[in-house]
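S.K.: structure for the following, please:
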Amino acid sequence: MSDIATSLNGASFEGITRVEEMRAQGMITLRGDFADPAFVSAVTGLVEADMPGQRQVSTGAERSILWMSPDELMVLCTYAEAPILEAKLRDALADQHALVANVSDARACFELVGGDLREVLAKLAPVDMSPEAFAVGDLRRTRLAQVAGAFWLSSEDKAQIVCFRSVGEYMFNLLKTAAQPGSSVGFI
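M.R.: Prediction:
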C-alpha cells in the first residue's frame with residue numbers, strides 16, 4: 001500500500017513552537033441527538049471513548065470523540081479504519097435520524113508542539129488561551145485568522161488543529177508566521 005498523501009506532505013517548521021502537518025488522520029463526522037441514549041450508546045460503544053462534554057475532547061485507548069456543536073461530533077481514528085468504522089456507525093444508527101460521513105480526505109491536520117503553543121494560538125484565534133480558561137481536553141471551533149478550524153490541547157505542550165484541506169497551505173503559513181523565532185509576546 002502506498003503512503004497517503006497529505007495536503008503538504010508532512011511539512012514542518014521550528015520556531016517558538018514546532019508546527020507540523022500530521023500524517024493522514026481518519027475523521028468521521030456524526031450528527032444526531034445527543035439526548036438519545038441509543039445514539040450515545042452506539043457511538044461510545046463503537047468508538048470506545050466516552051461522550052465528550054460541550055467544547056471538549058474525549059479520548060479512549062485508540063480513538064477520540066470531539067464535540068463540534070450541539071448536534072455534531074467528530075470521531076478521530078486511524079486513516080485505514082475510517083471506512084470500516086463509518087460503516088459500523090452507519091449500521092448502528094440506521095434506525096435513527098443521524099448523519100455519518102467519512103471526511104478524512106477533506107481535512108488537513110496540524111500539530112503544535114512546545115511551550116509557546118498557547119501564544120501561537122492566541123495570536124490567531126479569538127479565544128482566551130490562559131491555562132485557567134483553556135485546559136487540556138478543551139476544544140474550540142472558531143476562526144484562526146481568516147480560516148475556519150478547530151483546535152484542542154492534547155497535553156500542556158501539544159495542540160492539534162483541523163481545517164479544510166483546501167486551505168491547508170494557508171493554515172500552515174499562518175501557524176508558521178505566528179511561531180516565528182523571537183515572536184513571543186509574553187502571553188504566559
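S.K.: which one is S183 nearest to, not counting chain neighbours?
M.R.: Residue nearest to S183 in three dimensions, not counting chain neighbours: I16, with 5.9 Å by CB to CB, 6 or more residues apart in numbering. All C-beta spots, glycine's among them, are computed from the backbone N, C-alpha and C.
S.K.: domain-wise, how is the protein divided?
M.R.: Domain ranges of the chain: 12-23+106-178, 25-105, per automatic domain parsing.
S.K.: pLDDT (mean, whole number) over the shortest one?
M.R.: If I follow you right, that is domain 25-105. Per-residue pLDDT over domain 25-105 has a mean of 95.
S.K.: deepest-packed of the domains of the chain, please.
M.R.: Mean neighbours per residue, mean count of other CB atoms under 10 Å, is largest over these for domain 12-23+106-178, with a mean of 18.
S.K.: want to throw the domains of the chain into TSV with distance to I4?
M.R.: Listed next are the domains of the chain as TSV, based on distance: least, CB to CB, whole Å:
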stretch	distance to I4
domain 12-23+106-178	7
domain 25-105	6
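S.K.: hang on, the residue nearest to S183 packs against V120?
M.R.: Yes - counting by CB atoms under 8 Å, I16 touches V120, with 6.9 Å between them.
S.K.: thinking again about what came up before, show me what contacts the residue nearest to S183?
M.R.: Each residue near I16 by CB atoms under 8 Å, 6 or more residues apart in numbering is listed here: 114, 116, 119-120, 179-184.
S.K.: which residue ranges form the helices in this structure?
M.R.: Counting by DSSP state H, the chain has helices at residues 37-47, 82-92, 117-124, 168-178.
S.K.: export those to TSV and tack on distance to L66?
M.R.: TSV is the format used below for the helices of the chain (distance: least, CB to CB, whole Å):
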stretch	distance to L66
helix 37-47	11
helix 82-92	14
helix 117-124	16
helix 168-178	17
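S.K.: and of the ones you listed, who's closest to D105?
M.R.: Closest to D105 of the helices of the chain is helix 82-92 (CB to CB; 9.3 Å).
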